[in-house]
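> Sequence and predicted structure, then a few things I'm wondering about:
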Amino acid sequence: MMLFGKISQQLCGLKKLPWSCDCRNFWGWLNAVFNKVDHERIRDVGPDRAASEWLLRCGAMVRYHGQERWQKDYNNLPTGPLDKYKIQAIDATDSCIMSIGFDHLEGLQHVEKIRLCKCHYIEDNCLERLGKLENLQKTILEMEIISCGNITDKGIMALYHLRNLKYLLLSDLPGVREKENLIQIFKTALPSLELKLDLK
């Protein structure tokens with residue numbers, strides 16, 4: 001990862017990249033590559049390992065069921081039996097996860113907590129996809145969505161499908177404007193939900 005960091009710094013330091021695109025386009029392209037779903041890999045190593053690889057490659061962290069520490073180093077992902085390490089929590093703070101990678105979440109059956117903080121590529125369709133995944137509808141208990149500027153009311157409303165959701169924190173989301181409407185929707189759909197709002 002250190003070598004990659006040095007190369008990327010050198011590339012961004014150039015006035016013009018060799019293939020005539022600016023730095024922003026380069027990073028957008030690279031992030032899309034990191035998010036690409038490899039269905040063969042999911043079949044080979046299982047959904048939890050493949051999702052771990054995706055999340056860590058994009059700068060997120062995972063915590064496995066029965067473990068206290070967060071796994072954040074891609075090169076130190078645990079080895080062993082494929083069914084031993086089940087993702088229990090995801091912290092995507094400052095990561096580059098985006099909608100094209102969300103198919104990685106499809107086979108996960110033990111995720112209880114997801115934190116999306118300062119995720120610049122997260123949009124409404126990501127939360128809509130999340131809300132439609134049957135496994136996650138059953139298992140997710142806690143979610144935090146903080147400083148994700150592309151999220152609007154539409155994306156947040158899709159979370160009511162997470163029928164076992166007990167805690168939802170929404171903070172610094174300028175695209176979320178209908179606070180009272182959201183409160184009513186969640187109060188009706190998920191009466192036991194603790195909803196914390198820190199919205200302007």
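Nice, I can see it.
> Lowest-scoring secondary structure element of this protein by mean pLDDT?
Taking mean pLDDT, DSSP states H and E as the measure, helix 2-13 is the helix or strand of the chain with the lowest mean score, a mean of 48.
> Can you give me the buried ones in stretch 163-182?
Neighbour-count burial for stretch 163-182, with 16 or more other CB atoms under 10 Å as criterion, is recorded at 165, 168-170, 173, 175-176, 182. (Each C-beta comes from the backbone N, C-alpha and C, glycine too.)
> Do me a favour and average the pLDDT over it.
Throughout stretch 163-182, pLDDT has a mean value of 96.
> Quick check: end-to-end length of it?
Terminal residues of stretch 163-182 are spaced 16 Å apart (CA to CA, to the nearest Å).
> what's in contact with it?
137-153, 156-157, 159, 186, 190, 192-200 (CB atoms under 8 Å, 6 or more residues apart in numbering).
> And these, which of them are buried?
Buried among the contacts of stretch 163-182 by 16+ other CB under 10 Å: 139-140, 142-148, 150-153, 156-157, 159, 186, 190, 193.
> about what we covered before: just the closest of the buried residues of stretch 163-182 to residue 93, please.
Distances from residue 93 to the buried residues of stretch 163-182, taken as CB to CB, are shortest for residue 169 (13.2 Å).
> strands paired with the helix or strand hosting the closest one, and their directions?
Per DSSP states H and E, residue 169 falls inside strand 167-171. Looking at strand 167-171 with DSSP bridges, its partner strands are strand 142-146 (parallel), strand 194-198 (parallel).
> one step back: which members of the buried ones among the contacts of stretch 163-182 are positioned in helices?
Under the assignment DSSP state H, the buried ones among the contacts of stretch 163-182 contribute 139, 153, 156-157, 186 to helices.
> TSV for the residues you listed, including distance to residue 122 and pLDDT?
Below are these laid out as TSV (distance: CB to CB, whole Å; pLDDT from 0 to 100):
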residue	distance to residue 122	pLDDT
139	20	97
153	15	97
156	12	97
157	15	96
186	19	96
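> got these as TSV, with distance to residue 132 columns?
Below are those laid out as TSV (distance: CB to CB, whole Å):
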residue	distance to residue 132
139	14
153	18
156	15
157	13
186	17
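> Taking the residues you listed together, which two end up most distant?
Within those, two members stand farthest from each other by CB to CB: 139 and 153, at 24.7 Å.
> Please enumerate the strands of this protein.
In the chain, the segments counted as strands under DSSP state E are 61-64, 87-91, 113-117, 142-146, 167-171, 194-198.
> got TSV for these, with distance to residue 98 too?
Below are these laid out as TSV (distance: least, CB to CB, whole Å):
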stretch	distance to residue 98
strand 61-64	17
strand 87-91	14
strand 113-117	11
strand 142-146	15
strand 167-171	20
strand 194-198	25
